[in-house]
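Colleague: Kindly return the folded structure for what I paste below:
(2 chains)
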Amino acid sequence: MALVNQLFGGLLIWAVGFSVIYAGHGLGCGLGWGEHLVLGPFTPLNIALIPVWLAFVLIAVWALRRASHAGETSEEPAMRRAGLVGGWAGLVGMVVTGAPVLLPAHCL
Amino acid sequence: MSALKLHGELDAVWGVPRGWRGILTSVNHSDLGIRFMVAAGIYFAIGGVLAMMIRAQLATPRSAFIGPEIYNQVFTMHGSLMMFMFAIPFFEGLAMYLLPKLLGSRDLAFPRLSAFGWWCYLFGGFILLVAMVLGLAPDGGWFMYTPLASKTYTPGINADVWLLGITFVEISAVCASIEITVSVLKLRAPGMSLGRMPIFAWYILVTALMMVVGFPPLILASTLLEIERAFGWPFFDPQRGGHPLLWQHLFWLFGHPEVYIIFLPAAGVVSTVLPVMVRHTLLGYGWIVGSILVLGFFSFGLWVHHMFATGIPHLALALFSAASALVAVPTVVQLFAWLATMWAGRPQMRLPMLYIAGFFFNFLLGGLTGVMLAMVPFNWQVHDTAFVTAHLHYVLIGGFIFPMLAGLYYWLPRFAARRSHPLLGQLGFWLIFVGFNVTFLIMHLTGLLGMPRRVYTYEPGLGWEWPNLISSMGSFFMTFGFAVVLIDGVLAIAFGRRSSRNPWRAGTLEWALPIPAPSYNLASLPHVESREPLDRRHKLAQSLAMGEGYLGRTRDGLRETTGVEVVSGRVTEIIILPGNSWLPIATAAATGCFFVALLLGYYWLAPVALVGIAGLLWRWAAPLGARADLGPVDIGCGQRVPPHHEVRDAPGWWGSVFALITNATFFTSLLFGYAFLATVGPGWPPPVMAQPSLLAGLVVVAAVAGAFLAEDFAMRRALAGHGQRAGQGLLLALAALLVCLLGLLAFGWPGLPSPRDHAYGAIVWVMLIYGMLHAFIALMMLAFVRRRLAVGYGSPARMLELRVARLWLRYGLAVILIVLAAIALPGGASWRW
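Modeller: Below is the predicted model of the structure:
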């Protein structure tokens, strides 16, 4: 189980985070949260999704740290490296694919 | 014991009868793998002929070669055959053939499931081919968009052929994915930890896992569209609350990962063949494993880039554009690992390496145009033009066909014990390479000039004449190339030089087998200490043939191989595999009857076929297990382990876990469809909401709790050795499930609205039926286990069957509760007693 966490942890967090943001955008647009600016260039949908995105970025950082520490005790260097690739991919994926929540005009 | 005597004994246990009986009953992975590859090759040839017809038609403007109706069938069948009948079955066949040999095992985990998958593939393919011969082939494009594929615009049987025929074939793919996943995780040689697995096994493992979760959305979409076409339930009809984009979401949830499902096994071939061709160990093994995992995940976050032109919100465009660009990174990591390996080694331009070089060139171009298509503004410009056709062929032919041809030439001595003629092979390569690029490179320009996909003709004067003519000429060159490869293969098999056991001096275990491979693969199984066991132990093949490894003898005529702990590769059990059987072909035939009955509109026959399938599955499970505890048995090399039905996580348990993951993905896709329609469907909220019965709902919840507790009691009693009390517990659980089934029926009828009037009614009825089906499956499994306990198939040590039944029961109970909540909780639902 530890190896599964190490290999998949970061990627699972990305998968959940990406799904939550996508579902949130669908729901928000359906409820009309993307139609009016309420805080500078931001709509209520921005204001709802940005904290969600940041939270998942932080969780991905935590998963990467865990993967790094778990890897130190790993008997197999190749699996340690694979776990680190997964952890970094989860973090970078979360930052890059979630960043569009910062953009205006979500629901056009 | 001499090697010859051991061979005789093992072949008597593992062999296949001669003649028709052997053909129809064989469950041997080598036989089935080769059958898959040969049949896929035949479908490739048929798809290629259809492609030639397309190019002949488009070679000149206003061509009268074929009319629009036939053209529509031709391009639809070309795409469908290449994707569903060639690419996936071909790599499944390669994986089935190679994996046990690479992993040091004697067969796959569920040999009868492999055979069942083969017969489903064969029968499903017949449905498509017969329809094509009769002029009734599907004609709505290989992705069958609604509303074009709905009853209004495709009133004939054509779309039904696709929906039912392809779904039938997908059963084969799902079976293969579970089979492969469990085999890689459990059926390895002792000592082969995850970090010592051949890289090809990693690629196939991730591919199989992607198939486990990738195919259910398409199976759901096909099921819903067929129900709409057959019974008028309006999932995709916007006039009754449905939405055509639901089809696109479900289709591309499968369709985009499908590209990577096809690419990854081919990349696995590159990672296996390239190091041998450059005489250097693969560099960056851990990086590559990580990249494969990343690709497996990221590929599920891209599906909406196929829908950029459908008017979806800007945020969705941006999210999926970013993800589509990002997915290039793990692909490039592999590319750099291959380049580094080449740099460190001494490349030899032999035929497999030539094809790998062709792969590098073509796939790089396909990848670059892929990144271009990930950018929304560019995507809008070239959407549905020939540019996209060119891109996808660079990815699929460049990324799949070229590596697979490299693999075929590399493993030809393994398949056929012969070597091919180098000059003929090189001629074939250059014809394919040049022909392919002449065909498709200029097609990018045709698309940029504005030529749409799938038009059967065009007017002169648009600037499309020359590019189309050049593409058509190139395609015929390419076809000659494939013909040369075929001739080369046939000549090699018939007259080629005999190959030695390990002609490439490779280090992986498949080259330790005798040539041709015996039915049991290895006379004894090795202890693996590195990724390339033959590199370090040059006498390993002879030692294994002498029976000096694990299981170097036969016991009671049983088919035995080793099972290992998933991560460490420590040997934990003897896995006893079933022998040749009529059950796979009989079950596939019954499944075929079900699909044909639906296709021809004989709906009364479908339940009869289902009863037949249920009976055969009962029969299927009956010969498994044992009536007495055996305990640890000597397996050689100083090790003693128990048989698989006396351990906790036997292959059957793992198989059920992955079958349930497939099942759960299907159900999650259904919930997604419900949420999608409720959010964006026209005509929502529906005019009539559900009025479920509160009493029936409470009875179902109580019955769910009762079934859960009764089964738990039965398990605890069985573990304590009280078989009779366990049987009583199971009887209580069965009664609770029966109440649950009746309660669900009362919950839905008459409280749910008609499924024909609005998509809401249709989707809640589908959910309810899904819940009832799982209550019925759990009921059947518990009834089976109870019967088995009564006749001695169970003890505190032998609990495998009850553990498997528990998985299905708990999944079914969870589904029922979710279905109740999904129907009853949304706003507007009003209760009645």
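
Colleague: Contact partners for the residue of chain A found nearest chain B?
Modeller: Closest approach of chain A to chain B (CB to the nearest CB) occurs at A:V85, with a separation of 2.5 Å. C-betas here are computed from N, CA, C, even on glycine. Taking CB atoms under 8 Å, 6 or more residues apart in numbering or on different chains, we find A:V85 in contact with B:G286, B:W287, B:V289, B:G290, B:S291, B:L293, B:V294, B:P330, B:V333.

Colleague: one more time with 7 Å, if that's ok
Modeller: Shown in contact with A:V85 (CB atoms under 7 Å, 6 or more residues apart in numbering or on different chains): B:W287, B:G290, B:S291, B:V294.

Colleague: So which of those residues belong to strands?
Modeller: With strands taken from DSSP state E, there is no overlap with the contacts of A:V85.

Colleague: Separate out the buried members of those.
Modeller: B:W287, B:G290, B:S291, B:V294 (16 or more other CB atoms under 10 Å in any protein chain shown).

Colleague: nearest to B:M197, of those residues?
Modeller: B:G290 (14.1 Å; CB to CB).

Colleague: distance of that closest one from A:I13?
Modeller: As judged by CB to CB, to the nearest Å, B:G290 and A:I13 stand 15 Å apart.

Colleague: Same question for B:L462.
Modeller: The value you get for B:L462 to A:I13, if CB to CB is used, is 50 Å.

Colleague: higher neighbour count, those two?
Modeller: Using other CB atoms under 10 Å in any protein chain shown, the more surrounded residue of B:L462 and A:I13 is A:I13, with 23 against 12.

Colleague: now for the host helix or strand of that one, which elements pack on it?
Modeller: A:I13 is part of helix A:2-31 when elements are defined by DSSP states H and E. Contacts defined by 3 or more CB pairs under 7 Å, 6 or more residues apart in numbering or on different chains; DSSP states H and E place helix A:2-31 against helix A:44-72, helix A:77-98, helix B:285-298, helix B:314-326, helix B:651-680.

Colleague: list the helices and strands the shortest one packs on?
Modeller: Here helix B:314-326 is seen to pack against helix A:2-31, helix A:77-98, helix B:351-374 when contacts are counted using 3+ CB pairs under 7 Å, 6+ apart.

Colleague: go again using 8 Å as the cut-off
Modeller: helix A:2-31, helix A:77-98, helix B:351-374, helix B:376-382 (3 or more CB pairs under 8 Å, 6 or more residues apart in numbering or on different chains; DSSP states H and E).

Colleague: Run the chain-centre distance for that helix.
Modeller: Taking CA atoms, centre = their mean, to the nearest Å, one finds the center of helix B:314-326 at 27 Å from the center of the full chain.

Colleague: in the chain, which residue is closest to the centre?
Modeller: This is for chain A. Residue closest to the average C-alpha location in chain A (CA atoms, centre = their mean): A:M94, at 3.4 Å.

Colleague: not quite, I wanted chain B
Modeller: The centre of chain B sits closest to B:A173, judged by CA atoms, centre = their mean, with a distance of 3.2 Å.

Colleague: Quick one: mean pLDDT for the helix or strand containing that residue?
Modeller: If you go by DSSP H and E, B:A173 is part of helix B:158-186. Across helix B:158-186, the average pLDDT comes to 95.

Colleague: Now do it: distance to the chain's middle.
Modeller: 5 Å.

Colleague: so what secondary structure elements neighbour it?
Modeller: helix B:68-80, helix B:88-103, helix B:111-133, helix B:199-231, helix B:583-600, helix B:651-680.

Colleague: buried stuff in the shortest one?
Modeller: Neighbour-count burial for helix B:68-80, with 16+ other CB under 10 Å as criterion, is recorded at B:I70, B:Y71, B:N72, B:Q73, B:V74, B:F75, B:T76, B:M77, B:H78, B:G79, B:S80.

Colleague: List the residues that contact the fifth one.
Modeller: B:V74 makes contacts with B:L50, B:M53, B:I54, B:Q57, B:I66, as judged by CB under 8 Å, 6+ apart.

Colleague: repeat for the first one
Modeller: B:I70 sits next to B:G135 when contact means CB under 8 Å, 6+ apart.

Colleague: What of the third one?
Modeller: Shown here is B:N72, whose contacts under the criterion CB under 8 Å, 6+ apart are B:D139, B:G140, B:R454, B:Y456.

Colleague: picking up where we left off before, just the angle for the helix holding A:I13 relative to helix B:651-680, thanks.
Modeller: If you take axes from the mean of the first three to the mean of the last three CA atoms, to 10 degrees, helix A:2-31 sits at 20 degrees to helix B:651-680.

Colleague: is it fair to say B:F263 lies in a strand?
Modeller: No: B:F263 is assigned helix when assessed by DSSP: H, G, I helix; E, B strand; the rest coil, not a strand.

Colleague: And the helices in the stretch 351-500 of chain B, which stretches?
Modeller: With DSSP state H, counting those that start in this stretch as the criterion, the stretch 351-500 of chain B has helices at B:351-374, B:376-382, B:386-396, B:402-416, B:422-448, B:465-495.

Colleague: Packing partners of the fourth one?
Modeller: It refers to helix B:402-416. helix B:88-103, helix B:244-277, helix B:351-374, helix B:422-448, helix B:465-495.

Colleague: okay, those, which one's buried deepest?
Modeller: helix B:88-103 (a mean of 27; mean count of other CB atoms under 10 Å in any protein chain shown).

Colleague: hmm, back to that, next step: the contacts of B:V74 restricted to helices.
Modeller: B:L50, B:M53, B:I54, B:Q57 (DSSP state H).

Colleague: Those into CSV, with extra columns for neighbour count and distance to chain A?
Modeller: Shown next, in CSV, are these (neighbours: other CB atoms under 10 Å in any protein chain shown; distance: CB to the nearest CB, whole Å):
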residue, neighbour count, distance to chain A
B:L50, 22, 37
B:M53, 18, 41
B:I54, 21, 36
B:Q57, 23, 40
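
Colleague: Could you list which residues are in contact with the residue of chain B found nearest chain A?
Modeller: Per CB to the nearest CB, B:G290 is where chain B lies closest to chain A, at 2.5 Å. Under the criterion of CB under 8 Å, 6+ apart, the neighbours of B:G290 are A:L7, A:R81, A:A82, A:G83, A:L84, A:V85, A:G86, A:A89, B:P330, B:V333.

Colleague: looking at it, the third one is touching B:V289, isn't it?
Modeller: Yes: because the distance of 4.0 Å satisfies CB atoms under 8 Å, A:A82 is recorded as touching B:V289.

Colleague: And those two? Which one has more around it.
Modeller: More crowded of A:A82 and B:V289, by other CB under 10 Å: A:A82, with 30 against 26.

Colleague: Count the residues that sit near the closest residue to B:Q57 other than its chain neighbours.
Modeller: Spatially, and ignoring its direct neighbours in sequence, B:Q57 is nearest to B:F65 (4.7 Å; CB to CB, 6 or more residues apart in numbering or on different chains). Using other CB under 10 Å, B:F65 has 15 other residues around it.
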